[in-house]
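In: Pasted the sequence and its predicted model underneath.
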Amino acid sequence: MKKSDYQDMWVYIEHDGKAIHPVSLELCSEVRKLCDASGDKLAAVIVNDLPQEEVDKILEAGVEKLILVSGTGYETFSVDAYSHLFTVLCKKYMPSAVFVGGTIAGRDFAPRFACRLRTGCTSDATQLVYDEKTGDIEFVEPAVGGKMMAVITVPVLRPQVGTIRPGTFKYQPTWRRDCEVIRETVDFPLDQIRTKILSFTAEEFDDSLNIGDAEVVVCVGSGIKGSDSLPRYRKLASLLGGKVGCTRPVFDRGILPFKLVIGQSGVVVKPKLYIAFGVSGAVNHVTGITDSDKIVAVNKDPDAAIFHYCDYGIVGDMDEICDLMISRLEAGQAEAAI
C-alpha cells in the first residue's frame, strides 16, 4: 500500500442526539492543528441527526468536511453496527487517520474496526504529534501505570486509528472554512446485532466525583496522613466553591475513589485555581494540571518537584496550612456579612 493514497483526518462525533460529547469537540480542535501541519482536510463523521446548533460547534473548529451517516442499526450504540460502519467508510474514502474519543463506546468499537482494516489502533493517547519527515502521527500515552510515556506510531499501515482521553485537549473555536457535506446511507442488518438493551436505568450521578470541569480543585497527595484528614480539605474546597481531587498513591491507599485521580492515569483538569497539598510533583501527575490558570503548592519538603510547576509555593505542614486557609476564609466571610 502507498501511504500517499490515504488523505484527510477524521474525527468521530459522539453524541446523544441532543448534545455532542465534549471529547469530540476537543478532538476537532486538536486534529485541526495536525491537518494544518500535514495538509490534510479535517472531516467530522456524524451518525444520526444532530441539532444544527451542535453542528455549528463542529464547523467553528475548522472542519472542512461533514460526513453525515444514516441507516438502520444505529438507533442505539452497537459495537457490531459501528465497527461495520467505519470499516465500510474507511475502505471507501481511505482517510489517513481516524480519531475517536476514549469513552466507553469509543474504546469498544475503534480497535475492532481497526483490526478489520488490518491497521493499528493506539488507545488512550494524551498527546498527538505530526512527524513532517515521515507523515506519521505520534500517539503519546502513559504506560507502566503512568510511570513513563510511550510514543506509538503506525509507520506502514493506514488509516492511523487512535482513541484519545477525554479532557486532554481544549475546544478552541477558530473560524469556519468552506465545508463539503457528504451524505452516506449504510444499513446494518438488525439480526446481526449480537446484543440488545433489555432495560435502562440511569446511573446515580454524584457531582462531587465530576472534577473535570471544576473551577477550583483542592488536590491531596501522598503526604496526607489518612482518611481522617479529609474533612478539612473537603471544607476548604467547599469554601472556595470547588472540589477535592487526589494523586494516584492516595487512591492506591484506598483513601479516595479512582474518579478523583488527576494525571496520566486519571482525569485531566483545567481549573482557574489548583491547590496541591502534599503532592510530590511527579510528571505523571503534573501532566494532568498544566492547563490550570493558577497553581498553589503546599509541601513540607522545600525541594519537592511540585514547586517547579506552581505559581505560588508554601513550605509547611499541609494540615496546618489547610486549617489556616479555612480560618482566613471564614473570617473573611464573617467580615463580609457584617
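Out: Noted; the coordinates are in hand.

In: going forward, measure contacts and count neighbours with C-alpha atoms only.
Out: Will do.

In: which stretches of this structure have low pLDDT?
Out: Applying pLDDT under 70 to the chain flags the ranges 144-147, 202-205, 336-338.

In: can you give me the helices for it?
Out: Taking DSSP state H to define them, one finds helices in the chain at 22-38, 52-59, 79-93, 104-116, 230-239, 248-252, 283-286, 318-337.

In: want to throw those helices into JSON lines with mean neighbour count and distance to residue 132?
Out: Converted to JSON lines, the helices of the chain look like this (neighbours: other Cα atoms under 10 Å; distance: least, Cα to Cα, whole Å):
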{"stretch": "helix 22-38", "mean neighbour count": "21", "distance to residue 132": "7"}
{"stretch": "helix 52-59", "mean neighbour count": "16", "distance to residue 132": "26"}
{"stretch": "helix 79-93", "mean neighbour count": "18", "distance to residue 132": "23"}
{"stretch": "helix 104-116", "mean neighbour count": "18", "distance to residue 132": "24"}
{"stretch": "helix 230-239", "mean neighbour count": "17", "distance to residue 132": "45"}
{"stretch": "helix 248-252", "mean neighbour count": "19", "distance to residue 132": "36"}
{"stretch": "helix 283-286", "mean neighbour count": "21", "distance to residue 132": "27"}
{"stretch": "helix 318-337", "mean neighbour count": "14", "distance to residue 132": "47"}
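
In: Using JSON lines, lay out these together with distance to residue 143.
Out: Output for these, formatted as JSON lines (distance: least, Cα to Cα, whole Å):
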{"stretch": "helix 22-38", "distance to residue 143": "21"}
{"stretch": "helix 52-59", "distance to residue 143": "31"}
{"stretch": "helix 79-93", "distance to residue 143": "26"}
{"stretch": "helix 104-116", "distance to residue 143": "17"}
{"stretch": "helix 230-239", "distance to residue 143": "29"}
{"stretch": "helix 248-252", "distance to residue 143": "14"}
{"stretch": "helix 283-286", "distance to residue 143": "10"}
{"stretch": "helix 318-337", "distance to residue 143": "30"}
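
In: Please identify which of these is closest to residue 221.
Out: Residue 221 lies closest to helix 248-252 among the helices of the chain, at 6.2 Å (Cα to Cα).

In: Do you have the strands of the stretch 201-338 of the chain handy? List them.
Out: All strands of the stretch 201-338 of the chain, identified by DSSP state E, counting those that start in this stretch, fall at 216-220, 243-246, 273-277, 294-299, 312-315.

In: Centre of the chain to the longest one, how far?
Out: In this case it means strand 294-299. 24 Å (Cα atoms, centre = their mean, to the nearest Å).

In: Mind listing the strands that strand pairs with, and their directions?
Out: strand 273-277 (parallel), strand 312-315 (parallel) (DSSP bridges).

In: Pull the CA coordinates from the first one and hand them back as PDB.
Out: In other words, strand 273-277. In PDB, the C-alpha atoms belonging to strand 273-277 read as follows (Å, rounded to 0.1, in the frame of the first residue of the first chain):
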ATOM      1  CA  LEU A 273      -7.300  27.600  40.800                       C
ATOM      2  CA  TYR A 274      -5.500  24.400  41.700                       C
ATOM      3  CA  ILE A 275      -4.100  23.900  45.200                       C
ATOM      4  CA  ALA A 276      -1.900  20.900  45.800                       C
ATOM      5  CA  PHE A 277      -1.400  19.600  49.300                       C
END
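
In: just the angle between that strand and helix 230-239, please?
Out: On the basis of axes from the mean of the first three to the mean of the last three Cα atoms, to 10 degrees, strand 273-277 is oriented at 170 degrees to helix 230-239.

In: Do a quick rundown of the strands in the stretch 51-200 of the chain.
Out: Counting by DSSP E, counting those that start in this stretch, the strands of the stretch 51-200 of the chain are 65-70, 97-101, 121-125, 127-130, 137-143, 148-152, 160-164, 180-185.

In: who wins for proximity to residue 218 among the ones you listed?
Out: Of these, nearest to residue 218 by Cα to Cα is strand 137-143, at 23.5 Å.
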